[in-house]
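>>> Sequence and predicted structure, then a few things I'm wondering about:
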Amino acid sequence: MTLMPRQGDRHADRVLDVVRRGFHEEGDDLVTRSWSRCVNLYRLDPGRAREPVVIGSAALQARRDRHADVIECARYEMTTLYQQLADPESAVVLTDTDGVIVHMVSSPEFAADAEPMGLHAGGMWSEAEAGTNGMGTCLAAAHPISVRRDEHFFSQFTQLTCSAVPVFDPTGEIIAVLDVTSRSSLMQQHVLVLLGMTARMIENRLIDKRFSNAHPLHFHSRPEFVYTLHEGKLAVGDDGRILAANRSALFQLGLQSMDEIRTQRIEDLFQTSLEDILKRSLSSSFHPVVAYRAKAALRFFAVARRPASDAGTPARGRVAGMGVVALDETAGEGLRVPPRVPALRPPPIVRTFKDPRLVAHLDTARRVVARSTPVLLCGETGSGKEVFARAIHESSPHADGAFVAVNCASLPETLIESELFGYKAGAFTGAQRSGRRGKILQADGGTLFLDEIADMPLELQARLLRVLDERQVTPLGTEDTHPVDFQLVSASHQHLPTLVQDGRFREDLYYRLAGIELDLPPLRDRSDKRELIQSVLADEGGTGCRLSEEAERLLMAHPWPGNLRQLRHVLRSAAALADGKTIAKEHLPSLVARQAPSPNQAPVALPAATGATTADENTAPADAAPKARLNPIQANERQVLLQMLEQHRWNVSNVAKALDVSRNTLYRKLHKLHIEISPPD
Ligand SMILES: Nc1ncnc2c1ncn2[C@@H]1O[C@H](COP(=O)(O)OP(=O)(O)OP(=O)(O)O)[C@@H](O)[C@H]1O
C-alpha cells in the first residue's frame with residue numbers, strides 16, 4: 001500500500017472555494033468550520049504539502065508519564081477495539097489534548113505505510129499542525145467526528161478516513177482523543193459508536209483508578225444494566241458528597257454537567273443515604289436494590305460498595321493525574337497515585353443439581369473426566385451449561401488448575417483466535433508489550449470450557465483440532481510450541497450433527513469434542529425446580545428474602561423460555577422490588593400481567609421511552625438468550641444498536657435519523673437482531 005498525494009491542486013481549490021463561500025453543499029458543517037479555521041486562524045495553505053510535526057523522544061516520554069493512568073486504562077480497550085474492527089489497514093490512536101499521539105495500535109504493515117505522514121507515537125495532529133483531521137478536529141470541536149477522505153484539509157491525507165471521539169476525565173474535562181484511522185471510509189457511523197463505547201469504558205476505568213478511596217455507586221433504571229457499560233457510576237465520599245460521575249450517570253439523572261453533580265450529596269440525588277444504600281447492598285449480596293430519585297417518581301436499581309483501596313481511609317476527593325482538579329482543597333494531602341481497583345467478583349452461587357438426570361450426568365461426567373475424555377454439553381440457552389461445566393471441573397483430576405471459559409458466540413472471529421491461542425509481543429504494533437497468553441495456555445493443568453462451540457469459525461476449528469490432537473499450542477506471531485494438558489468441556493445449544501450435515505461444523509472436530517455427550521434438561525422439565533427457585537432466591541435476595549405462597553405458585557407454573565438465567569433475572573428484580581423481604585405477586589408483574597411466551601422463544605424487551613422504566617422480568621436479560629443465535633458480527637451490531645437506542649432514549653425515529661436509514665429499515669434490522677420494539681400504530 002502507498003499513501004501518495006493525488007490531485008492536490010483540485011482539492012486545494014475546492015477547500016478554498018468552500019471557505020470563501022462559507023458553506024459546503026454535501027459536506028459536514030463541522031468540516032466546513034474546520035477548513036475555515038485552518039485558513040483564517042492557523043493560516044494554513046491546502047495547496048502546500050505539510051511536513052509532519054513529530055516531538056522528540058524525551059518530550060514524548062514526558063507526555064506519556066503525565067498521561068500514564070489514561071494510557072494504562074486505554075491500552076487494553078484499544079487492543080480489543082482494534083481486534084473488533086478486524087481491519088488490517090487501520091490504526092486505533094490515542095492523542096493527548098495537544099493532539100500528540102501517545103499510544104497507537106495497528107498492524108506493522110499499516111504502521112510502516114503511515115509513518116511518513118507522522119501517524120505514529122509523537123506525531124502531532126492538532127488542527128493547527130495537520131489541518132482538518134479526525135483527531136485535531138475532534139479536539140477543536142470537542143465533539144465526535146468522522147473526517148472522510150477529501151474532507152481532510154491537506155490532500156496528502158485524502159486516502160484516509162478518521163473517526164474520533166473525545167475522552168473525558170472524571171471532572172468532565174477532555175483528557176484525550178480516541179481515533180480510528182483507516183483506508184476504508186465505510187461504516188463510519190458504526191466505527192463512531194464503537195469508539196464511543198470504548199471511550200466510556202476508558203472513562204469508567206479512570207474513575208475507578210482515580211477514586212479508589214471513594215465509595216463506588218453503580219445504578220441504572222434497569223437492574224440488568226447495572227455493572228455494564230450503560231450503568232451510571234458515581235464515586236461518593238465518606239460524607240456522601242459526589243466526587244465524580246460518568247456520562248451515563250449525568251444523563252440518567254437529567255443533569256447537564258459534572259459541576260452540577262459535584263455540588264450534590266447522595267441525598268440530593270436519591271431518596272436514600274450512603275449508609276442506607278451500603279447496608280442494603282450488603283444484605284442483598286451486592287445485587288442491585290431499589291433507590292428512588294429524590295423529589296421525583298423515578299425508580300433506579302443501585303449498588304454501593306466500600307472503597308476499593310481501604311475502607312478505613314476517608315474519601316476526600318483528592319486525585320492524581322493530568323488535568324485533574326483537586327475537589328477538596330482542605331484535604332491537605334500531596335498528590336498520590338491510588339492503588340489499582342480489584343475487579344468486582346460476583347459472589348459464588350448456590351448450585352442445585354437434584355434432578356435425577358443431572359445426578360446421573362454428573363456421575364457419568366466424573367467417571368469419564370478421570371480419563372480426560374472430552375465432554376460436550378447440550379441444552380437450551382440459560383439451562384446452566386457453564387455452571388454444570390464448573391461442577392465437572394471441580395470433581396476432575398484437573399480441579400487444582402484454572403477453569404477457563406471462552407464464549408465463541410460473543411467474540412468476533414479475529415478475537416477468538418487471539419483469545420484462544422494468544423500472541424507474541426509485537427505481533428502487531430501496539431499489542432501489549434508482554435504479548436497475551438491465550439486461554440488454551442491459561443487452561444494448562446485445568447479445564448478449558450468452550451461455550452457456544454457451534455459458533456467457532458471453520459478455519460479456527462481446524463486449528464483447534466490440531467491443538468487437541470497434538471496437545472500443544474502455538475501463539476500467533478511465533479513458531480514456538482507449548483505442550484498443554486487440560487480437560488476439555490464444550491457446550492452448544494445447537495444440534496451439532498445437523499451442522500455437520502450442513503457442512504457448517506467439522507465432523508472430525510465434533511467426534512473429538514463429544515467424547516461423551518450430555519443433554520441438560522430445560523428448567524421447565526426439571527424435577528428440582530422448587531429447590532432451584534429457593535437456591536437462586538438465596539443468591540439474589542440474600543438472607544431474609546422469602547416467597548409468598550402465591551409468588552411461589554406463579555414461579556413454579558411459568559414455562560421459563562430463558563431457563564435459569566431468566567429465573568435469576570426475575571428473582572433479582574423481584575428481590576429488589578421487595579427490598580429483600582417477602583416477594584409477593586405484585587413483585588412479579590410480568591409473570592402476572594403477561595401471557596408467558598412459548599418455550600424456546602426468549603424475546604428481548606427494551607425499556608419504554610421515559611427514565612422511569614419498569615424492569616421486565618418476563619424476559620431474559622437484554623444480552624442473554626438471543627446472542628447465542630447471532631453470529632459475532634450480528635452480536636456486535638446488536639450491541640451497537642442497543643447502545644444507540646439507549647443514547648436516544650429508545651426513540652427509533654432519532655436513531656434512524658442518526659444512522660441515515662429509514663425507520664422501516666431500522667425496524668427490520670432490530671427485528672432481525674432480536675431487539676423487539678413495536679412500531680407505533
Ligand atoms: N444449578 C444451578 N443452580 C443455581 N443457579 C444456576 C444453576 N445453573 C445455572 N444457574 C444460573 O443460571 C444462569 C445461566 O447459567 P449458565 O451460564 O451456566 O447457562 P448456559 O446454559 O451456559 O447459558 P448459555 O447457553 O447462554 O451459554 C447463571 O446465572 C447461573 O448462575
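Noted; the coordinates are in hand.

>>> For the rest of this, base every contact and every neighbour count on C-alpha atoms.
OK.

>>> Over stretch 150-159, what's the mean pLDDT, rounded is fine.
What stretch 150-159 shows for mean pLDDT is 91.

>>> Grab the most central residue of this protein for me.
Centroid-nearest residue in the chain, with C-alpha atoms, centre = their mean: Leu229, separated by 5.7 Å.

>>> so that one, which of the three states?
Taking DSSP: H, G, I helix; E, B strand; the rest coil as the rule, one finds Leu229 in the coil state.

>>> ok, now Asp113?
Quick answer, by three-state DSSP: Asp113 is helix.

>>> now for the host helix or strand of Asp69, which elements pack on it?
Using DSSP states H and E, the element containing Asp69 is helix 68-85. Applying 3 or more C-alpha pairs under 8 Å, 6 or more residues apart in numbering; DSSP states H and E, one finds that helix 68-85 contacts strand 90-95, strand 101-106, helix 188-210, helix 413-421.

>>> Next one, pLDDT for the nearest residue to Leu377 once chain neighbours are set aside please.
Using C-alpha to C-alpha, 6 or more residues apart in numbering and skipping the chain neighbours, the partner closest in space to Leu377 is Ala491 (4.5 Å). Predicted confidence (pLDDT) for Ala491: 96.

>>> now swap in Leu358 and tell me
At Leu358, pLDDT is 94.

>>> Likewise for the one 4 residues further on?
The confidence metric pLDDT takes the value 93 at Leu362.

>>> picking that back up, list the contacts of the residue nearest to Leu377.
Contacts for Ala491 were tallied using C-alpha atoms under 8 Å, 6 or more residues apart in numbering; they are 376-378, 385-386, 449-453.

>>> and it, which of the three is it?
Ala491 ends up strand, using three-state DSSP.

>>> Now do it against Leu518, distance only.
9 Å (C-alpha to C-alpha, to the nearest Å).

>>> neighbours around the residue of the stretch 151-300 of the chain found nearest the ligand, how many?
Proximity of the stretch 151-300 of the chain to the ligand (C-alpha to the nearest ligand atom) peaks at Glu224, 11.6 Å away. By other C-alpha atoms under 10 Å, 23 other residues sit near Glu224.

>>> what secondary structure does it sit in?
From three-state DSSP, the assignment for Glu224 is helix.

>>> what bits of the stretch 551-681 of the chain have low per-residue confidence?
590, 592-636, 647, 649, 660-662, 676-681 (pLDDT under 70).

>>> Which pLDDT value goes with the residue of the stretch 151-300 of the chain closest to the ligand?
For Glu224, the model assigns a pLDDT of 74.

>>> Tell me how the protein divides into domains.
8-207, 211-304, 356-519, 523-593, 625-672 (automatic domain parsing).

>>> neighbouring contacts of stretch 394-401?
366, 369-370, 393, 443-447, 486-487.

>>> Might you report the residue contacts of Leu377?
Applying C-alpha under 8 Å, 6+ apart, the residues near Leu377 are 385, 489-492, 517-520.

>>> Output the residues you listed in JSON lines; the columns should cover distance to the ligand.
As requested, these are exported to JSON lines (distance: C-alpha to the nearest ligand atom, whole Å):
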{"residue": "Lys385", "distance to the ligand": "4"}
{"residue": "Val489", "distance to the ligand": "12"}
{"residue": "Ser490", "distance to the ligand": "10"}
{"residue": "Ala491", "distance to the ligand": "7"}
{"residue": "Ser492", "distance to the ligand": "7"}
{"residue": "Glu517", "distance to the ligand": "15"}
{"residue": "Leu518", "distance to the ligand": "12"}
{"residue": "Asp519", "distance to the ligand": "11"}
{"residue": "Leu520", "distance to the ligand": "8"}
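
>>> which one among those gets closest to Leu670?
Ser492 (24.7 Å; C-alpha to C-alpha).

>>> how near is the closest one to Glu380?
Distance from Ser492 to Glu380, by C-alpha to C-alpha: 8 Å.

>>> Same check on Leu567?
Noted for Leu567: a distance of 14 Å to Glu380, by C-alpha to C-alpha.

>>> Need the overlap of contacts for the two.
Common neighbours of Leu567 and Glu380 (C-alpha under 8 Å, 6+ apart) do not exist.

>>> circling back: closest to Val350 out of the domains of the chain?
Among these, domain 523-593 comes nearest to Val350, with 5.8 Å by C-alpha to C-alpha.

>>> what's the spacing between the closest one and its chain's center?
Centroid displacement of domain 523-593 relative to its chain, using C-alpha atoms, centre = their mean, to the nearest Å, is 28 Å.

>>> and that domain, does that touch the ligand?
Yes - using C-alpha under 6 Å from any ligand atom, domain 523-593 comes into contact with the ligand via 532, 536, 564-565, 568.

>>> In contact with the residue nearest to the centre of the chain, which residues?
Leu229 neighbours (C-alpha under 8 Å, 6+ apart): 197, 200-201.

>>> Likewise for Ser57?
Gly122.

>>> Show the backbone phi and psi for it.
Dihedral pair for Ser57: phi -70, psi -30, per degrees, to the nearest 10.

>>> And the lowest mean pLDDT element among the helices and strands of the chain?
Using mean pLDDT, DSSP states H and E, the weakest-scoring helix or strand in the chain turns out to be helix 589-593, at a mean of 67.

>>> just to revisit the earlier point, let me know which of the helices and strands packed on helix 68-85 is tucked in deepest.
strand 90-95 (a mean of 27; mean count of other C-alpha atoms under 10 Å).

>>> In its sheet, which strands sit next to that one, and in what direction?
In the sheet containing strand 90-95, its partner strands are strand 101-106 (antiparallel), strand 174-182 (antiparallel), by DSSP bridges.

>>> got the angle between the helix holding Asp69 and helix 188-210?
Relative orientation of helix 68-85 versus helix 188-210 (axes from the mean of the first three to the mean of the last three C-alpha atoms, to 10 degrees): 150 degrees.

>>> Quick check: His67 vs Leu94, distance?
Where Leu94 is concerned, His67 sits at a distance of 11 Å (C-alpha to C-alpha).

>>> Run through the residues of the stretch 201-350 of the chain sitting next to the ligand.
So the stretch 201-350 of the chain meets the ligand at Val350 (C-alpha under 6 Å from any ligand atom).

>>> Let me know the pLDDT of the one residue in the stretch 401-550 of the chain that gets nearest to the ligand.
Proximity of the stretch 401-550 of the chain to the ligand (C-alpha to the nearest ligand atom) peaks at Val536, 5.4 Å away. For Val536, the pLDDT comes out at 91.

>>> can you count the residues close to it?
Around Val536 there are 22 other residues, counting by other C-alpha under 10 Å.

>>> Name the helix or strand for it, please.
Here Val536 is assigned to helix 529-541, by DSSP H and E.

>>> Summarise which helices and strands the helix or strand just after that helix is packed against.
As assigned by DSSP H and E, the chain's next helix or strand after helix 529-541 is strand 546-547. Judged by 3+ C-alpha pairs under 8 Å, 6+ apart, the packing partners of strand 546-547 are strand 582-583.

>>> Each with direction, which strands does the strand it packs on pair with?
strand 546-547 (parallel).

>>> Residues contacting whichever helix or strand comes after the strand it pairs with, please?
The first helix or strand that comes after strand 546-547 along the chain, using DSSP H and E, is helix 549-557. Applying C-alpha under 8 Å, 6+ apart, the set of residues contacting helix 549-557 from outside is 529-530, 533, 583-585, 588, 591-592.

>>> Check which residues of helix 549-557 are buried.
Neighbour-count burial for helix 549-557 flags 551-552, 555 (criterion: 16 or more other C-alpha atoms under 10 Å).

>>> out of those residues, who's nearest Leu44?
Checking those one by one against Leu44 (C-alpha to C-alpha), the nearest turns out to be Leu555, at 69.6 Å.

>>> Distance check, that closest one against the ligand.
Distance, Leu555 to the ligand, by C-alpha to the nearest ligand atom, to the nearest Å: 15 Å.
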